[in-house]
Structures are given as C-alpha cells and as structure tokens.
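Colleague: after the sequence you'll find the predicted model.
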Amino acid sequence: MKIRTGFVSNSSSSSFICDVTGEIESGMDMSYTDAEMSCCERGHTFSNYLAVCSIKNLSDETKIRLVAENNIDFEDSQEKSYELRKEEKKEKELLFINENGAAELVRRFDDDEDYNEEIQNGYNIPSEMCPICMFKELSLDDVKAFLYRKLNMTKKEVVEDIKSQFDNYDEFKAYLTEKE
C-alpha cells in the first residue's frame with residue numbers, strides 16, 4: 001500500500017496563492033471567486049480586497065479594449081511569430097473600434113452583464129484593477145528579486161550569509177521576529 005505524505009493533489013482540488021501577501025486558499029473544485037481572489041491579464045493573482053478599483057470604475061479605454069477583444073474573430077496561427085500575431089490582433093481590434101465607435105463600445109460594456117461576469121469570476125481581470133500592475137503593491141517574488149539585486153548577492157550567497165550569522169533555524173526565526 002502506498003502512503004502519501006505532505007500536500008496531495010488531485011484533479012478536483014485547487015489552490016490559489018496571493019502574489020502580494022502569500023495568503024493561500026485551497027479547496028475542492030474551488031474557483032477564484034470561491035477563494036475571493038482574482039488573476040489579472042498579466043497573470044498576477046491577488047486577494048480581492050487588494051483590488052485598486054471596481055468594475056464600475058474602469059476607464060472607458062479599458063472597457064473599449066475589453067469589448068473589442070471579445071468581439072473580433074481572430075485565427076491564432078502558430079505558423080506566425082508571436083509579434084506578428086499580436087500586431088494582427090491589434091489591427092483587428094482597432095478596425096472593430098473604428099467601425100463601432102468608442103461611445104457605443106462603452107455603452108455595450110456597461111449594459112452587457114457578460115463582460116462584468118467574466119471579471120467578477122476573477123479571471124483575466126484588467127490590469128488597472130491589479131494592485132501589482134498599478135504599482136500599489138509588489139509581489140513577494142519581485143521584492144525578493146529587488147533585494148538580491150540591491151544586495152548584489154545570489155540566493156546561495158544570502159543563504160551562506162544567514163548560516164554564518166546564526167547557529168540554528170530557531171535563532172534565525174527569533175531574529176526575524178524581534179523588534180528593534
């Protein structure tokens with residue numbers, strides 16, 4: 001008989017980790033909505049209470065872009081380079097915007113619950129709602145990368161430095177939690 005230890009996952013369990021706080025939410029058949037988290041269009045996952053603005057406060061420019069993105073027919077051929085595909089998609093979006101008019105697209109976004117529903121489900125949130133994209137918060141990974149660069153050290157060098165200063169893990173943790 002095989003015994004598993006640690007975290008065991010199967011296809012119906014999900015977990016979400018806030019890139020800002022490190023907070024973890026997990027459960028069976030869980031979605032971003034269930035976890036009270038969202039994932040922006042750049043891939044940052046964040047707790048909903050950290051969102052910079054609400055759906056109602058999105059800029060008209062973002063509303064227009066979202067409607068255009070959801071209404072163009074675009075064949076994403078793998079035979080073309082990423083940059084060429086991106087350029088063709090942008091051209092189709094601009095054509096769609098010019099044909100329909102910006103004010104009409106804003107009205108469509110405001111009146112059509114489908115656009116709001118996708119955002120409310122926590123997937124592909126516009127970057128202007130994301131605390132990381134809007135530089136209101138930083139991800140833990142970005143903070144770590146910044147500190148390595150500022151210290152001009154690699155992770156290995158930092159670990160060696162820590163080990164040279166402390167005799168054991170408890171001593172190290174006590175140092176981290178003590179107040180100056």
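Modeller: Sure thing, it's come through. Residues are numbered from 1 along each chain as shown.
Colleague: and the longest helix anywhere in the chain, what's buried?
Modeller: In the chain, assigned by DSSP state H, the helix with the most residues is helix 82-100. Residues Arg85, Lys89, Lys92, Glu93, Phe96, Ile97 are the ones in helix 82-100 that count as buried (16 or more other Cβ atoms under 10 Å). All C-beta atoms are positioned from the backbone trio N, CA, C, and that covers glycine.
Colleague: now swap in stretch 37-46 and tell me
Modeller: Judged by neighbour count using 16+ other Cβ under 10 Å, the buried positions of stretch 37-46 are Met37, Ser38, Cys39, Cys40, Glu41, His44, Thr45, Phe46.
Colleague: I'd like the distance between Gly122 and Glu41.
Modeller: In this view, Gly122 and Glu41 are 12 Å apart by Cβ to Cβ, to the nearest Å.
Colleague: do the same with Asn48
Modeller: Taking Cβ to Cβ, one finds Asn48 at 16 Å from Glu41.
Colleague: now Tyr49
Modeller: Distance from Tyr49 to Glu41, counting by Cβ to Cβ: 20 Å.
Colleague: likewise Asn124?
Modeller: Separation of Asn124 from Glu41 (Cβ to Cβ) stands at 5 Å.
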